[in-house]
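Peer 1: Below is the sequence, then the predicted model.
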Amino acid sequence: MVEVPGSVGTTASLSLRLGQTILAFGALLFMTIGVRFYQFTAFCFLVTIMSVAIPWNLTLAMVDIYCILLNQQFQKPRILLAISIGDWVVSVLVLAAASSAASVVDILRSDGSSCPPTVCNRYQFAATLAFLTWFLSLSSSLFNLWLLPSLI
């Protein structure tokens, strides 16, 4: 079996999962600090998707820790297929949420009167963190997809 650095059960995968969790938590934190985020559907969507991404990544980080502690490679093709599909779904949803939040922030900034600069900066930073979460999520899903053919 080929060992792909970044696939489930490796230290690289653990670092990717922890990075995704930290960035998603940061995006969630900066989005919910503002008292008006619930007025915009895109911001509510970002909060919802980040609330889904955090437990998903923490669960897979626990799987990585388990495989690292036992010093075993992950060799279950059906579970890896489910993880790969789940990663793709979470990745697409995070990209959609980050894009929609960034576009709403851009509209609010161009309007000028409806968003104070400090609040818009927090929303923009949350959207940036969401894009970084998407990048890490995409990379971990590609690593898992790369490992899948070697298990079948």
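Peer 2: Here it is on my side, so go on.
Peer 1: quick one, helices of the protein?
Peer 2: Using DSSP state H, the helices assigned to the chain run over residues 11-33, 41-70, 77-111, 117-151.
Peer 1: Enumerate every residue touching the residue nearest the centre of the chain.
Peer 2: Closest to where the C-alpha atoms of the chain average out (Cα atoms, centre = their mean) is residue 133, at 4.0 Å. If you count contacts by Cβ atoms under 8 Å, 6 or more residues apart in numbering, residue 133 has them with 20, 23-24, 27, 50, 53, 94, 98. No exception for glycine: its C-beta is placed from N, CA and C like everyone else's.
Peer 1: Go again with 10 Å.
Peer 2: 19-28, 49-50, 53-54, 57, 90-91, 94-95, 97-98 (Cβ atoms under 10 Å, 6 or more residues apart in numbering).
Peer 1: Selecting buried members of these in ChimeraX, what would you type?
Peer 2: Here is the ChimeraX command that selects only those of the contacts of residue 133 that count as buried (16 or more other Cβ atoms under 10 Å):
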select :19,20,21,22,23,24,25,26,27,28,49,50,53,54,57,90,91,94,95,97,98
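Peer 1: Skipping adjacent residues, who's closest to residue 50 in space?
Peer 2: In space, and not counting its chain neighbours, residue 50 is closest to residue 28: 4.2 Å by Cβ to Cβ, 6 or more residues apart in numbering.
Peer 1: And for residue 95?
Peer 2: Nearest residue to residue 95 in three dimensions, chain neighbours excluded: residue 134, at 4.7 Å (Cβ to Cβ, 6+ apart).
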